[in-house]
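**Student:** how would this look folded up:
(6 chains)
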Protein chains: 4
Amino acid sequence: MFKIDVMSEKPIYEQIIEQVEQFILIGILNPNDKIPSVRSMATKLLVNPNTIQKAYSELDNKGIICSVPGRGCFVSEEAVNILNKNKREKLSELEKMVFELAIAQVEKKEINECVDRAYEKKEKLGND
Amino acid sequence: MFKIDVMSEKPIYEQIIEQVEQFILIGILNPNDKIPSVRSMATKLLVNPNTIQKAYSELDNKGIICSVPGRGCFVSEEAVNILNKNKREKLSELEKMVFELAIAQVEKKEINECVDRAYEKKEKLGND
Amino acid sequence: MFKIDVMSEKPIYEQIIEQVEQFILIGILNPNDKIPSVRSMATKLLVNPNTIQKAYSELDNKGIICSVPGRGCFVSEEAVNILNKNKREKLSELEKMVFELAIAQVEKKEINECVDRAYEKKEKLGND
Amino acid sequence: MFKIDVMSEKPIYEQIIEQVEQFILIGILNPNDKIPSVRSMATKLLVNPNTIQKAYSELDNKGIICSVPGRGCFVSEEAVNILNKNKREKLSELEKMVFELAIAQVEKKEINECVDRAYEKKEKLGND
DNA sequence: GTGGTCTAGACCACC
DNA sequence: GTGGTCTAGACCACA
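**Tutor:** Numbers count the residues shown, from 1 in each chain, chains lettered A, B, ... in the order given. Next up is the predicted model:
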């Protein structure tokens, strides 16, 4: 279920955070679902448990998951709401990036094709 | 002319690289133009000369500028070509980002508005 | 394993780059091998860690090694391919050098003896 | 007659030294010939006079030219002999370079072709 | 422990 | 004045 890329620039703990969040948004993980324990995840991904711990701690701080000592970690009720609130930040980041491409003489048409491809990709995912 | 944000997550030397590249793409810096010396830039930006040096070294390695010991650093002839070759990489990065937003239930309409804003911003810049 | 010559005109960081590259070409270092950490190398060679860091950064930029923060630096899969691509440049540099010697009235015979010695040296190395 | 490449990695003063030496070896400049004055050379090459001065000083130190205050600089009697004595150093440098190429799996045949090209180039020069 | 960034300050070669 | 190299020592994020 979870996958990490050790060679990626993105730190492993962030990759895990990202995947948990995506699984929640897609609906693979739902409120009150139990997520894998730190130790099981660490052994499956061949990663240091501290790294998983760090990811879970951050998710807990954000209010996306809820650690219950002795029982495990669970997706919180408000997880989806919290995640959707990040839209604005991401959109402004996107705008900045498009702006850079615009300066590099990339035509708007190319950008639009790129956006279309991304949405097609998402459609496919929804049909699986 | 150059500005840095010390609080940004992005390292200072990368901010400088980015700005030099943008100035070249916009046409503020043209081939064979001399860019500010390591020391003058360092004192103006209140930054250590080594930090500027690192930025300039990387730009030199990329072939975007040409450092001539004792004379200064100059925008290379092929700078614009090199910079435009990065388009593809940036587009695929953009696609990935849009995909993430799509998963987060952001409507395509919102993305398009965002793209429009970026292009309007670029238009304004061109008119100055 | 690694050696540097502090008295050489060649910067220390370049000497290190050169040696890493040679060890890869000879087969002492193979893809995915971990190379010595910045700090351990610095203390062994009695050199400042920043100097090693600079060498490793350049090797990373070239795609010859792959730095993974928190884990170490590893020889990349494509390292050998990348290194072999430099052949042409080196050959043209060699031609230029031979030309200079030719002008200095060095007989072709002497050059050939020199080439022979170099290849004998390589043969010996292969037998170890 | 003299040409410099400002964009070269090689310092300008070394480029000049190299050319004077080559002209002597080829026979374009002969013992007791007067070489261009510092000032005339500097203006022709659009270079700082100090740079020319430095080149001439080094040539003087090596005994290749002979500066006569108020009269100019002249190729010394022993210039050719001195220059030929550098052969050994250059040959060992060449050997090192061939060795590196040998390690990079370059076949001896390729090296030999390279040597041939260099000597052909010299032959042509001699016929001009 | 690892790599990465940055500062402060020095020295060199070159123009 | 210019760029380039190096040291010493600090701090951070990551595993």
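**Student:** and A:Gly70, what pLDDT?
**Tutor:** On pLDDT, A:Gly70 comes in at 89.
**Student:** mind checking the SS state of it?
**Tutor:** Secondary structure assignment for A:Gly70 (DSSP: H, G, I helix; E, B strand; the rest coil): coil.
**Student:** and it, how many residues sit next to it?
**Tutor:** Neighbourhood size, A:Gly70 [other CB atoms under 10 Å in any protein chain shown]: 5. Using the backbone N, CA and C atoms, a C-beta is placed for each residue, glycine as well.
**Student:** relative to A:Ile64, how far out is the one residue sitting closest to the centre of chain A?
**Tutor:** Geometric centre of chain A, nearest residue: A:Glu18, 2.2 Å, by CA atoms, centre = their mean. Distance, A:Glu18 to A:Ile64, using CB to CB, to the nearest Å: 11 Å.
**Student:** quick one: what helix or strand has A:Cys73 in it?
**Tutor:** In this assignment (DSSP states H and E), A:Cys73 forms part of strand A:72-75.
**Student:** outline the domain layout of chain A.
**Tutor:** A:12-83, A:86-127 (automatic domain parsing).
**Student:** separation between the closest residue to A:Ile24 other than its chain neighbours and C:Lys44?
**Tutor:** Excluding the flanking residues, the one nearest A:Ile24 by CB to CB, 6 or more residues apart in numbering or on different chains is A:Ala79, at 5.1 Å. Noted for A:Ala79: a distance of 50 Å to C:Lys44, by CB to CB.
**Student:** more neighbours: which of the two?
**Tutor:** A count of neighbours by other CB under 10 Å puts A:Ala79 above the other of A:Ala79 and C:Lys44, at 25 against 12.
**Student:** where's the more buried one relative to A:Thr51, distance?
**Tutor:** A:Ala79 sits 21 Å away from A:Thr51, taking CB to CB as the criterion.
**Student:** by contact count, what packs against the longest helix seen in chain A?
**Tutor:** Counting residues, the longest helix in chain A under DSSP state H turns out to be helix A:108-127. On a contact count with 3 or more CB pairs under 8 Å, 6 or more residues apart in numbering or on different chains; DSSP states H and E, helix A:108-127 meets helix A:87-103, helix B:87-103, helix B:108-127.
**Student:** so where's chain A shaky on pLDDT?
**Tutor:** Where chain A drops to pLDDT under 70, the residues are A:128.
**Student:** what residues does it have near chain C?
**Tutor:** Neighbours of chain C within chain A, by CB under 8 Å from any CB of the partner chain: A:Val6, A:Met7, A:Pro11.
**Student:** helices - which of these land there?
**Tutor:** Filtering the residues of chain A next to chain C for helices - DSSP H - leaves nothing at all.
**Student:** which among these gets closest to D:Leu91?
**Tutor:** Among the residues of chain A next to chain C, A:Met7 lies closest to D:Leu91 (CB to CB), at 44.1 Å.
**Student:** from what I can see the closest one touches C:Pro69, true?
**Tutor:** No - using CB atoms under 8 Å, A:Met7 is not in contact with C:Pro69, being 11.7 Å away.
**Student:** contacting residues for the residue nearest to A:Ile24?
**Tutor:** A:Ile24, A:Pro31, A:Gly63, A:Ile64, A:Ile65 (CB atoms under 8 Å, 6 or more residues apart in numbering or on different chains).
**Student:** looking at neighbours, which among those is most surrounded?
**Tutor:** Sorting the contacts of A:Ala79 by how many neighbours each has (other CB under 10 Å) puts A:Ile65 first, at 27 neighbours.
**Student:** surely it and A:Tyr56 touch.
**Tutor:** Yes - between A:Ile65 and A:Tyr56 there is a contact under CB under 8 Å: 6.6 Å.
**Student:** quick one: name the residues of chain A near chain B.
**Tutor:** With the criterion set to CB under 8 Å from any CB, chain A comes near chain B through A:22, A:25-26, A:83-84, A:86-87, A:90-91, A:93-106, A:108, A:110-112, A:114-115, A:117-119, A:121-122, A:125.
**Student:** what's the offset of stretch A:8-21 from the middle of its chain?
**Tutor:** Relative to the chain's own centre, stretch A:8-21 is displaced by 7 Å; criterion: CA atoms, centre = their mean, to the nearest Å.
**Student:** go on, stretch A:4-16?
**Tutor:** Relative to its chain's centre, stretch A:4-16 lies at 12 Å (CA atoms, centre = their mean).
**Student:** same check, this time on stretch A:103-123
**Tutor:** Here stretch A:103-123 is found 21 Å from its chain centre; the criterion is CA atoms, centre = their mean.
**Student:** A:Ile16 - nearest residue in space that isn't next to it in sequence?
**Tutor:** Leaving out its chain neighbours, the residue that sits closest to A:Ile16 by CB to CB, 6+ apart is A:Ala55, at 4.0 Å.
**Student:** contacting residues for that neighbour?
**Tutor:** When contacts are counted by CB under 8 Å, 6+ apart, A:Ala55 touches A:Ile12, A:Tyr13, A:Glu14, A:Ile16, A:Ile17, A:Val20.
**Student:** what distance do you get for the last one to A:Ile26?
**Tutor:** Put plainly, it is A:Val20. 11 Å.
**Student:** more neighbours: these two, which one.
**Tutor:** Shown here are A:Val20 and A:Ile26; by other CB under 10 Å, A:Val20 has more neighbours (24 against 15).
**Student:** I'd like the next helix or strand past the one helix or strand the more buried one maps to.
**Tutor:** For A:Val20, the element it lies in under DSSP H and E is helix A:12-26. Using DSSP H and E, the next helix or strand after helix A:12-26 towards the C-terminus is strand A:34-35.
**Student:** helices or strands up against that following strand?
**Tutor:** Applying 3+ CB pairs under 8 Å, 6+ apart, one finds that strand A:34-35 contacts strand A:72-75.
**Student:** what's downstream of the strand it packs on, the next helix or strand?
**Tutor:** helix A:79-85.
**Student:** give me the contacts around the longest helix of chain A.
**Tutor:** Helix A:108-127 is contacted from outside by A:26, A:98, A:101-102, B:91, B:94-96, B:98-99, B:102-103, B:108, B:111-112, B:115, B:119, using CB under 8 Å, 6+ apart.
**Student:** mind redoing it with 7 Å?
**Tutor:** Among residues not part of helix A:108-127, those counted as contacts by CB atoms under 7 Å, 6 or more residues apart in numbering or on different chains are A:98, A:101, B:91, B:94-95, B:98-99, B:102-103, B:108, B:111, B:115, B:119.
**Student:** sweet, I'm off.
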